[in-house]
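Chemist: build me a model:
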Amino acid sequence: MSDELKIVIVNKGNAGSIGVQSPDCDPFFVTVSGGLEAILASVPEVVAAARQKWESNPKYPKCETALPSQAQPATAQTTARPAPQPKTPAAPKPQPQMF
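Modeler: Sure thing, here's the model as predicted:
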């Protein structure tokens, strides 16, 4: 595992989220309540938790289920639509007399 880390902090209102990523590992996200000071104070423990998780399971498990066959793509159903009728301009309405 590499020592390189990418830490992203998003602060909105009275809460924030911290994301930690390392090469060859899946990202680790945590939501933290409190202002910017509380969020920054929790960064070391979030990084420690991410490293602990990566020690035992750096990547999410791969999908082992069979994927749908791509040999016969699904056919799109079409519905018949009537041909558009040409629009004729409407006759102008007479302007009302104001005086």
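Chemist: what about the helices in this protein?
Modeler: 36-56 (DSSP state H).
Chemist: low-confidence stretches in it?
Modeler: Along the chain, segments meeting pLDDT under 70 span 1, 70, 73-76, 99.
Chemist: where do the strands sit along it?
Modeler: 6-12, 15-21, 28-33 (DSSP state E).
Chemist: now do the buried residues in the shortest one.
Modeler: So the one you mean is strand 28-33. Across strand 28-33, burial judged by 16 or more other C-beta atoms under 10 Å covers 28, 30, 32. Any C-beta I mention is one placed from the backbone N, CA and C, and that applies to glycine too.
Chemist: do the same with the second one
Modeler: Going by neighbour count (16+ other C-beta under 10 Å), the buried part of strand 15-21 is 16, 18, 20.
Chemist: now do it: which elements does it pack against?
Modeler: Judged by 3 or more C-beta pairs under 8 Å, 6 or more residues apart in numbering; DSSP states H and E, the packing partners of strand 15-21 are strand 6-12, strand 28-33, helix 36-56.
Chemist: let's have the strands of the chain in a markdown table, adding distance to residue 43.
Modeler: Formatted as a markdown table, the strands of the chain follow (distance: least, C-beta to C-beta, whole Å):
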| stretch | distance to residue 43 |
| --- | --- |
| strand 6-12 | 7 |
| strand 15-21 | 6 |
| strand 28-33 | 9 |
